[in-house]
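S.K.: Sequence first, predicted model second:
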Amino acid sequence: DAGVIQSPRHEVTEMGQEVTLRCKPISGHNSLFWYRQTMMRGLELLIYFNNNVPIDDSGMPEDRFSAKMPNASFSTLKIQPSEPRDSAVYFCASSLGTNEKLFFGSGTQLSVL
Amino acid sequence: QKEVEQDPGPLSVPEGAIVSLNCTYSNSAFQYFMWYRQYSRKGPELLMYTYSSGNKEDGRFTAQVDKSSKYISLFIRDSQPSDSATYLCALDQTGANNLFFGTGTRLTVIP
């Protein structure tokens, strides 16, 4: 299995631009999580889906952030408009169920200039 | 106060040393305790998983949970250069993967 696949690995953009991060979970996993990692705050849960339905988005920092999961094999995290304080590593993770082991992707390093 | 506190290090030890990594937490509702290992430019991977208080051993790794003190530890025996990574503790109240992570301790094992 290829594991959780995220794209792009690196994204550099200018303030105000729209950013879309993509995630393909492990086949057969029905729970998907988006995390953000910074030096100051560590790993923070942004949102998670169960069977493609958003269950808890209380970690999404602002309305500028949105996430979708149109089908079981694809999810996006969008930031519009982006700001320099959004610079971080964004991780996607999936699991067989909400109480099963989490598998993380390799992350997207986002830099907003 | 953050939910989970973890000394960021960095921590450098010689090969073969015993390593002790620790986290403290404030919310007594946490029931599930995990340690993740994160190599540079990679995502975290689950290393140890413990439910409630007690010890759990897996090879050179031992996880300890003291709920009365709200203190968890990870011990690495006979540390190897391949153990060089950032170690993150993660806590969960319900087991539903709503994890609260520590900021991580960066460990370097020197050959």
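M.R.: Alright, I've got the coordinates.
S.K.: For the rest of this, base every contact and every neighbour count on C-alpha atoms.
M.R.: Noted.
S.K.: element containing the spatially most central residue of chain A, please.
M.R.: Compute the mean C-alpha point of chain A, and by Cα atoms, centre = their mean the closest residue is A:W34, 3.4 Å away. Under DSSP states H and E, the secondary-structure element containing A:W34 is strand A:31-38.
S.K.: CA atoms only for stretch A:46-63 - export them in CSV, please.
M.R.: These are the backbone C-alpha positions of stretch A:46-63, laid out as CSV (Å, rounded to 0.1, in the frame of the first residue of the first chain):
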residue,chain,number,x,y,z
LEU,A,46,-8.3,21.1,12.0
ILE,A,47,-11.1,18.8,10.9
TYR,A,48,-12.0,15.2,10.6
PHE,A,49,-14.4,13.2,8.4
ASN,A,50,-16.0,9.9,8.9
ASN,A,51,-17.5,8.2,5.8
ASN,A,52,-16.9,11.4,3.9
VAL,A,53,-19.0,13.5,6.3
PRO,A,54,-17.3,16.3,8.3
ILE,A,55,-17.7,15.4,12.0
ASP,A,56,-15.8,18.0,13.9
ASP,A,57,-14.4,21.2,12.3
SER,A,58,-14.0,23.1,15.5
GLY,A,59,-10.2,23.3,14.9
MET,A,60,-10.6,25.2,11.7
PRO,A,61,-9.1,28.5,12.5
GLU,A,62,-11.2,30.8,10.4
ASP,A,63,-13.7,31.0,7.6
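S.K.: before we move on, back to that, the strand holding A:W34 packs against which elements?
M.R.: Helices and strands in packing contact with strand A:31-38 are listed as strand A:42-50, strand A:88-95; criterion 3 or more Cα pairs under 8 Å, 6 or more residues apart in numbering or on different chains; DSSP states H and E.
S.K.: Out of these, the one nearest A:M60 is which?
M.R.: Across the helices and strands packed on strand A:31-38, A:M60 has its closest neighbour in strand A:42-50 (4.7 Å, Cα to Cα).
S.K.: partners of that closest one in the sheet?
M.R.: Sheet neighbours of strand A:42-50, with direction, are listed as strand A:31-38 (antiparallel), strand A:53-56 (antiparallel) (DSSP bridges).
S.K.: need those in JSON lines with mean pLDDT, can you?
M.R.: Converted to JSON lines, those look like this (pLDDT from 0 to 100):
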{"stretch": "strand A:31-38", "mean pLDDT": "95"}
{"stretch": "strand A:53-56", "mean pLDDT": "92"}
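S.K.: rewinding a little: tabulate the helices and strands packed on strand A:31-38 in CSV, adding columns for distance to B:L74, mean pLDDT and mean neighbour count.
M.R.: Shown next, in CSV, are the helices and strands packed on strand A:31-38 (distance: least, Cα to Cα, whole Å; pLDDT from 0 to 100; neighbours: other Cα atoms under 10 Å in any protein chain shown):
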stretch, distance to B:L74, mean pLDDT, mean neighbour count
strand A:42-50, 19, 93, 22
strand A:88-95, 23, 97, 26
